[in-house]
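**Q** Predicted model and sequence below, questions to follow.
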Amino acid sequence: MFDKQVKDVMSKEILSARLKSTLKEISAILIKHKISAVLIRDESGNPWGVITTRDIVGSMTKPNFNDLTAEDVMTRNLVTIKPASTLLRAAKKMMEERVQRLIVAHPSHLKGQLRIVGIISMSDLVKTISEG
């Protein structure tokens with residue numbers, strides 16, 4: 001089971017929002033699709049970060065909450081993994097980086113660019129364990 005590859009269990013549909021999206025708009029996406037994170041992209045479609053339910057809830061105490069955008073509260077460090085990596089490697093990386101999900105990406109031929117192909121979460125790993 002642990003030698004399965006990330007590409008075998010990752011979610012291939014990656015929902016995203018723009019840098020200037022409001023937290024209300026992002027919350028609506030999360031609720032509608034029953035997910036806990038959205039990839040944040042700039043106007044050209046380049047990935048900039050991730051915003052999670054935790055990021056949104058953590059921002060609720062800020063006095064300017066209604067004015068905050070994805071750019072204000074997103075996690076900017078995208079932690080990535082290659083599709084051919086094993087689930088064991090994914091679990092180790094999540095623990096090492098202290099994240100609940102990894103962006104699945106191929107390095108692009110363009111310097112510093114990523115070709116994002118999916119996302120894998122701790123829930124995906126637990127589901128795989130339960131399915132045996």
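**A** All right, it came through fine. Numbering: from 1, shown residues only.
**Q** List the residues that contact residue 79.
**A** Applying CB atoms under 8 Å, 6 or more residues apart in numbering, we find residue 79 in contact with 93, 97, 99, 102-103. Using the backbone N, CA and C atoms, a C-beta is placed for each residue, glycine as well.
**Q** Closest one of those to residue 40?
**A** residue 103 (11.2 Å; CB to CB).
**Q** Residues contacting the helix or strand containing the closest one, please?
**A** Using DSSP states H and E, residue 103 sits in strand 101-107. With contact meaning CB under 8 Å, 6+ apart, strand 101-107 is reached by 6-7, 10, 36-37, 39, 47, 50, 78-83, 90, 93-94, 113-122.
**Q** Stretch 44-64 - what's its average pLDDT?
**A** Averaged across stretch 44-64, the pLDDT comes to 93.
**Q** starting at the chain centroid, how far to that stretch?
**A** Put simply, stretch 44-64 sits 12 Å off its chain's centre (CA atoms, centre = their mean, to the nearest Å).
**Q** Distance of residue 104 relative to residue 27?
**A** 24 Å (CB to CB, to the nearest Å).
**Q** Comparing the two, which shows the higher neighbour count?
**A** residue 104 (25 against 16; other CB atoms under 10 Å).
**Q** Could you grab the helix/strand/coil label for residue 40?
**A** strand (DSSP: H, G, I helix; E, B strand; the rest coil).
**Q** Please pick the buried ones from the contacts of residue 79.
**A** By neighbour count, with 16 or more other CB atoms under 10 Å, the contacts of residue 79 hold 93, 99, 102-103 as buried.
**Q** So in that sheet, which strands flank the strand holding residue 103, and in what orientation?
**A** If you go by DSSP bridges, strand 101-107 pairs up with strand 80-81 (parallel), strand 114-121 (antiparallel).
**Q** If you average pLDDT over each of these, which is lowest?
**A** When I compare the strands paired with strand 101-107, strand 114-121 is least confident, with a mean of 90.
**Q** Tell me which residues are up against that one.
**A** 6-7, 9-12, 14, 36-37, 39, 47, 78, 80-81, 83, 90, 100-108.
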